[in-house]
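> Sequence below, structure please.
(one chain, ligands or ions: 2)
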Amino acid sequence: MTTTHNHKHKEMALYIEGLTVSFDGFKAVNDLSLYVEEQEIRVIIGPNGAGKTTVLDLICGRTKATSGSIKFKGKELTRLKEHEIVHAGVGRKFQNPSIYEDLTVFENLEISYPRGRNVWGALIFRRDDEVRKKVHEIAEMIFLGDKLDSPADLLSHGQKQWLEIGMLLIQDPELLMLDEPVAGMSVSERKQTAALLQRITKDRSVLVIEHDMQFVEDIADRVTVLHQGKVLSEGSMERVKSDPKVVEVYLGH
Ligand code: ADP
Ligand code: MG
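Ligands and ions are numbered 1, 2, ... in the order given. Below is the predicted model:
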């Protein structure tokens with residue numbers, strides 16, 4: 001899959017072909033092919049019911065494909081269980097933040113730090129310098145460096161979204177998937193989130209579903225427009241925006 005001869009293209013991180021899922025005969029995702037490069041920010045847009053969230057559900061193993069293939073770094077994900085897919089380096093953020101409201105920002109990040117198991121199978125849990133350092137580093141990155149001791153329930157909606165992104169980042173996924181991350185955020189929080197996503201693609205790919213066109217324009221390397229479970233259009237924001245098919249089914253409304 002990767003070639004050492006071709007220097008013109010970045011390597012593909014995610015390789016989806018012929019992906020279909022059928023719910024009682026209704027194909028929510030219908031023969032979808034999608035390729036995401038390493039370090040790319042890809043945004044999926046499209047009308048409600050287009051199948052966007054279902055695509056993420058399929059990648060993270062929450063929903064089983066009826067047919068097709070999802071290869072990530074050469075591994076076939078459709079055969080793996082959800083936790084194995086996490087272990088393979090795929091992190092996924094859902095629409096509503098799932099953070100521990102009664103724990104502090106520090107504790108939320110600390111609890112998400114990947115821990116190994118020792119030879120007896122017990123969880124190794126240490127609040128040592130390494131964990132502390134990583135928690136501080138991630139907290140700075142998600143604009144919560146001065147909120148480490150705040151209980152998470154005192155954070156604004158936007159800050160909670162960032163905390164959840166941080167809880168994923170601390171696990172160092174190679175593919176980060178986000179479903180409508182800026183919904184409910186203020187304009188300045190959206191700008192900060194765009195900057196955050198741009199910074200984290202140094203080491204990973206990001207797959208984002210979003211409706212906010214300004215935000216999409218700010219972050220997307222490429223945009224995939226989904227409609228009725230299929231790719232309607234794909235390319236730069238510029239190109240997709242001026243595609244009459246996209247204007248008709250999505251942007252025109
Ligand atoms: P989007 O995120 O683009 O708005 P979804 O992926 O949530 O769309 O849904 C696509 C279609 O698939 C919708 O018609 C939805 O009702 C249907 N769907 C999604 N998940 C299921 C499911 N588990 N069972 C049955 N239908 C589903
Ligand atoms: Mg959705």
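> Now do the helices in the stretch 51-200 of the chain.
Using DSSP state H, counting those that start in this stretch, the helices of the stretch 51-200 of the chain run over 52-59, 82-87, 105-112, 129-141, 157-169, 187-200.
> which outside residues touch the first one?
Read it as helix 52-59. 14, 16, 19, 21, 28-29, 32, 34, 44-46, 63-65, 70, 72, 77-78, 85, 90, 92, 95, 175, 177, 179, 207, 209, 226, 229 (C-beta atoms under 8 Å, 6 or more residues apart in numbering). C-beta coordinates here come from the backbone N, C-alpha and C atoms, glycine included.
> Show me the residue sitting in the middle of this structure in space.
Met177 (1.0 Å; C-alpha atoms, centre = their mean).
> So it sits against Gly89, correct?
No: contact criterion C-beta atoms under 8 Å: Met177 and Gly89 do not qualify, at 11.4 Å.
> Write out the residues of the stretch 51-200 of the chain neighbouring ligand 2.
The stretch 51-200 of the chain has residues Lys52, Thr53 near ligand 2, with proximity defined as C-beta under 5 Å from the ion.
> How confident was the prediction at Met12?
pLDDT for Met12: 86.
> Show me the beta-bridge partners of the closest residue to it other than its chain neighbours.
Leaving aside its chain neighbours, Met12 sits nearest to Tyr35 (5.3 Å; criterion: C-beta to C-beta, 6 or more residues apart in numbering). Beta bridges link Tyr35 to Tyr15 when assigned by DSSP bridges.
> burial count for Tyr35?
Tyr35: 16 surrounding residues under other C-beta atoms under 10 Å.
> cool, and the one 3 residues further on?
One way to gauge burial is a neighbour count; for Glu38, by other C-beta under 10 Å, it gives 17.
> And the strands in this structure?
Ranges of strands in the chain, per DSSP state E, are 12-23, 26-37, 41-45, 67-72, 75-76, 90-93, 175-179, 205-209, 222-227, 230-235.
> Just send those back as JSON lines, with distance to Ser188 too.
JSON lines is the format used below for these (distance: least, C-beta to C-beta, whole Å):
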{"stretch": "strand 12-23", "distance to Ser188": "31"}
{"stretch": "strand 26-37", "distance to Ser188": "29"}
{"stretch": "strand 41-45", "distance to Ser188": "20"}
{"stretch": "strand 67-72", "distance to Ser188": "34"}
{"stretch": "strand 75-76", "distance to Ser188": "39"}
{"stretch": "strand 90-93", "distance to Ser188": "20"}
{"stretch": "strand 175-179", "distance to Ser188": "19"}
{"stretch": "strand 205-209", "distance to Ser188": "19"}
{"stretch": "strand 222-227", "distance to Ser188": "24"}
{"stretch": "strand 230-235", "distance to Ser188": "29"}
